[in-house]
Structure formats: C-alpha cells, structure tokens
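**Q** Sequence unavailable; structure follows:
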C-alpha cells in the first residue's frame, strides 16, 4: 500500500514537471498574432540564392467581435458556419 502511494506521488510530480516545462518553453511568437518578431522573419528571408521582396508582417486592428451578433448560437448543436461567412 505504501509503495503504491510513493509511485503515485512520483508520477504526479513527474507529470506536473512536464506540464510546467511545456508551459514555459518556446514562445517567441506573439500569442495574439501567431507571428514572431520582424527579426525572426528576416532570418528566414536573408541570404537566399534568389531575389525576394521584403516580407512585411501584417498589421490588424485590435478589435473583438461577438459572433452571437452575427447569428451564432452557443448551444453546442448548431452549425455556426453562416456567422463566419464573409459577405
């Protein structure tokens, strides 16, 4: 019985460590845009064996939209494709 508790405790500590490491690693990308810095972008497009125009990082307005205003329903059953449709 005591051996099972020790194994359970070790397993929990191990899993917590993995989760914590996963949450703190990486992350050079901006969470909102999913795009890294312009310097990171330039590192992929410099010293190429061909001519390539400079790639500009797109800029989007910082706006939030409630899709319920466009006909979406949050019942878990409705297909809300029309609420996402672009006119």
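**A** That came through, no problem. Source: prediction; values computed, not measured.

**Q** Low-confidence regions, the protein specifically.
**A** Applying pLDDT under 70 to the chain flags the ranges 26-38, 87.

**Q** This protein: helices as residue ranges?
**A** 2-24, 38-45, 81-84 (DSSP state H).

**Q** These: which one's closest to residue 59?
**A** Closest to residue 59 of the helices of the chain is helix 38-45 (CB to CB; 11.4 Å). Where C-beta positions appear, they are placed from N, C-alpha and C, glycine not excepted.

**Q** how much space between residue 79 and residue 9?
**A** For residue 79, the distance to residue 9 (CB to CB, to the nearest Å) stands at 46 Å.

**Q** Kindly apply the preceding question to residue 77 instead.
**A** Using CB to CB, residue 77 is found at 42 Å from residue 9.

**Q** Please apply the same query to residue 19.
**A** Residue 19 is 16 Å from residue 9, by CB to CB.

**Q** Then residue 40?
**A** Residue 40 is 41 Å from residue 9, where distance means CB to CB.

**Q** For the helices of the chain, give me a markdown table that also has distance to residue 55 and mean neighbour count.
**A** Converted to a markdown table, the helices of the chain look like this (distance: least, CB to CB, whole Å; neighbours: other CB atoms under 10 Å):
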| stretch | distance to residue 55 | mean neighbour count |
| --- | --- | --- |
| helix 2-24 | 29 | 9 |
| helix 38-45 | 6 | 11 |
| helix 81-84 | 27 | 11 |
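
**Q** Turn the ones you listed into TSV, including distance to residue 56.
**A** TSV is the format used below for the helices of the chain (distance: least, CB to CB, whole Å):
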stretch	distance to residue 56
helix 2-24	31
helix 38-45	8
helix 81-84	26
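
**Q** Which one of the ones you listed lies nearest to residue 65?
**A** Once these are compared by CB to CB, helix 81-84 is nearest, at 9.9 Å.

**Q** Quick check: closest non-adjacent residue to residue 72.
**A** Counting by CB to CB, 6 or more residues apart in numbering, residue 72 lies nearest to residue 83, which is 3.7 Å off, once chain neighbours are set aside.

**Q** who touches the one you found in this structure?
**A** By CB atoms under 8 Å, 6 or more residues apart in numbering, the contact list for residue 83 reads 67-68, 70-72.
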